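# 3D model of this:
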Amino acid sequence: MSLKFRLASRNLFHDRLRLVATIVGIVFSIVLVTVQMGLYVGFGRIVTTMIDHAPADLWVMPLGTKCFEDPSLLDDRQRFRTLAVNGVAEAAPLVVGYAQWRLPSGTTTPVFIVGSELRGLGLRPWDLVAGRLDDLSIPGAVAIDQSYFDRLGIGGTGANAEIRDQKVQVMAVTRGIRSFTTTPYAFTGLDRARAYTGISPNKASYLLVRVSPDSDVDSVRRQLQANLSDVEVLTTTEFRNRSRSFWLFGTGAGAALFAGALLGIIVGTVIVAQTLYSSTKDHLDEFATLRAIGSSGAYIYKVIIWQAVLSAIIGFGGAAGISAIVVKMTAESALPIVVTPGLTLGLFLLTVVMCVASAIAAILQVMRIDPALVFTR
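Got it, this is the predicted structure:
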């Protein structure tokens, strides 16, 4: 094994310029794939951030709801019917919708209102860096993420503005609650959310349902679906998957990310294959000598594959370093690139497979060598 490895490394490092070209091709390919797949993972997380932070076992929503940002309206009667089902411990209304935020300068910008009860079951702001949740009980109080201060023309807690011609005051500030649509979230109480979005007092966008500890979630869900009309009842996981599927595949965003990743794989494979083929072709005499002295085909296969694996390890190391920098640079952006341990392992295996597959052309070239070639030189 050590002799094969030494021969492969010497072949690889003999031509430094060609080695650099190989590594650059691998790095370019893997960085491109990492960015595309990291965006896919980050996008998948950020589109469901509200669903992930809602403390609900079940979601009751109007029939045909595609995602969290696409709500219709439920009647209060649906809530009373929900509470009447055995196993339902709590059913809380949640109001979401778009509204116009008027800046002190007089211009307007859209915000996405999220309103729920400030006590009990509700979707309330998290990661507060200023103010308290209790402060949202003050009339006109809202919570805003600090990343949207410039857009909304505010400087922190105590800032004033208007939503739907009603005065509001920023009483709490969060960190890291960003929207992938770039529309700022504005958290407030349930009644004020209805006023800001123009929804009637007896209407809600969703019902958050908490199941009793001694009840089965699936059983309660089936009962709710049977007792309620014109609604869907989904678990948090089902609603998360539906929202993610809609934004990733219903809008074409996921297909675009996968296309970019595929392009990176193709480019990297072509570059590595060409480089390994050229390197092998330049060492045909050496490989002919190996065959002439009795080296088996399997032995030569392993030498060339070792070259490919070494290229993969070096290239992936460089790509991982660049990708780590990119991930850090986008950590605070509206759409961060997220690289999980599982994705890192998958990318490493992809790099090895890509390089080994690229070595096939070189292997075929070597195996066509006539061992007698070495005696004619």
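# run through who's touching whichever strand or helix holds residue 186.
Per DSSP states H and E: residue 186 is located in strand 185-189. Residues from elsewhere that reach strand 185-189 (CB atoms under 8 Å, 6 or more residues apart in numbering): 50, 99, 101, 111-118, 124-125, 136-137, 141-145, 163, 168, 172, 174, 177, 179, 196. For every residue, glycine as well, the C-beta is placed using N, CA and C.
# put the alpha carbons of it into PDB.
The C-alpha trace of strand 185-189 is given here as PDB (Å, rounded to 0.1, in the frame of the first residue of the first chain):
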ATOM      1  CA  TYR A 185     -41.600  41.000  10.800                       C
ATOM      2  CA  ALA A 186     -43.500  43.100  13.300                       C
ATOM      3  CA  PHE A 187     -44.700  41.200  16.400                       C
ATOM      4  CA  THR A 188     -47.600  42.500  18.400                       C
ATOM      5  CA  GLY A 189     -50.700  41.500  20.400                       C
END
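# what pairs with that strand, parallel or antiparallel?
strand 108-116 (parallel), strand 141-145 (antiparallel) (DSSP bridges).
# gap between that strand and the chain center?
Counting by CA atoms, centre = their mean, to the nearest Å, strand 185-189 is centred 24 Å from the centre of its parent chain.
# now do the helix or strand following that strand against strand 108-116, angle only.
Heading C-terminal from strand 185-189, the first helix or strand you meet, by DSSP H and E, is helix 190-197. Angle of helix 190-197 versus strand 108-116, following axes from the mean of the first three to the mean of the last three CA atoms, to 10 degrees, is 150 degrees.
# so for helix 190-197, mean pLDDT?
The average pLDDT for helix 190-197 rounds to 90.
# return that helix as CSV; C-alpha atoms alone will do.
Extracted in CSV, the C-alpha atoms of helix 190-197 (Å, rounded to 0.1, in the frame of the first residue of the first chain):
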residue,chain,number,x,y,z
LEU,A,190,-53.6,39.7,18.8
ASP,A,191,-56.1,42.6,18.8
ARG,A,192,-53.6,45.1,17.4
ALA,A,193,-52.6,42.7,14.7
ARG,A,194,-56.2,42.4,13.6
ALA,A,195,-56.4,46.2,13.5
TYR,A,196,-53.1,46.6,11.6
THR,A,197,-54.1,44.0,9.0
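# tell me what whichever helix or strand comes after that helix is packed against?
Counting by DSSP H and E, the next helix or strand C-terminal to helix 190-197 is strand 203-204. Applying 3 or more CB pairs under 8 Å, 6 or more residues apart in numbering; DSSP states H and E, one finds that strand 203-204 contacts strand 74-75, helix 76-83, strand 88-102.
# again, 10 Å this time
strand 74-75, helix 76-83, strand 88-102, helix 190-197 (3 or more CB pairs under 10 Å, 6 or more residues apart in numbering; DSSP states H and E).
# between these, which one is closest to residue 67.
Across the helices and strands packed on strand 203-204, residue 67 has its closest neighbour in strand 88-102 (11.0 Å, CB to CB).
# show me how this protein divides into domains.
3-46+252-375, 64-229 (automatic domain parsing).
# low-confidence ranges in the stretch 201-350 of the chain?
252-254, 268-269, 272-273, 275-288, 290-291, 294-295, 297, 334 (pLDDT under 70).
# apply 90 and report the result again.
201-203, 213-217, 223, 225-231, 243-320, 323-324, 326-344, 346-350 (pLDDT under 90).
# tell me where it has helices.
Per DSSP state H, counting those that start in this stretch, the stretch 201-350 of the chain carries helices over the ranges 217-227, 236-245, 253-282, 284-292, 297-329, 341-367.
# right, and these - which one's nearest residue 71?
Once the helices of the stretch 201-350 of the chain are compared by CB to CB, helix 236-245 is nearest, at 11.5 Å.
# deepest of the strands paired with strand 185-189, which one?
Most buried of the strands paired with strand 185-189, by mean neighbour count (mean count of other CB atoms under 10 Å): strand 141-145, with a mean of 26.
# could you give the angle of the strand holding residue 186 to strand 88-102?
Counting by the same axes, to 10 degrees, strand 185-189 lies at 120 degrees to strand 88-102.
# what comes up buried for strand 185-189?
185-189 (16 or more other CB atoms under 10 Å).
# any chance of these in TSV with distance to residue 351 as columns?
Converted to TSV, these look like this (distance: CB to CB, whole Å):
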residue	distance to residue 351
185	38
186	44
187	43
188	48
189	51
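# which one of these is nearest to residue 353?
Nearest to residue 353 out of the buried residues of strand 185-189 is residue 185 (CB to CB; 41.5 Å).
# now the residue lying closest to residue 102 once chain neighbours are set aside: how far from residue 100?
Distance criterion CB to CB, 6 or more residues apart in numbering; nearest residue to residue 102, sequence neighbours excluded, is residue 162 at 4.0 Å. Look at residue 162 and residue 100: by CB to CB, to the nearest Å, they are 9 Å apart.
# circling back to that earlier point, any idea which element the residue nearest to residue 102 lies in?
Assigned by DSSP H and E, residue 162 falls in strand 160-163.
# which outside residues touch that strand?
Residues outside strand 160-163 that contact it (CB atoms under 10 Å, 6 or more residues apart in numbering): 99-104, 106, 108-109, 111, 113, 140, 142, 144, 152-154, 167-170, 186, 188, 192-193, 195-197.
# show the buried residues in those residues.
Buried among the contacts of strand 160-163 (16+ other CB under 10 Å): 99, 101-102, 111, 113, 140, 142, 144, 152-154, 168-170, 186, 188, 192-193, 195-197.
# on that earlier part again, can you list the domains of the chain in TSV and add distance to residue 239?
Output for the domains of the chain, formatted as TSV (distance: least, CB to CB, whole Å):
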stretch	distance to residue 239
domain 3-46+252-375	14
domain 64-229	8
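# residue 54: which of those domains is closest?
domain 64-229 (4.6 Å).
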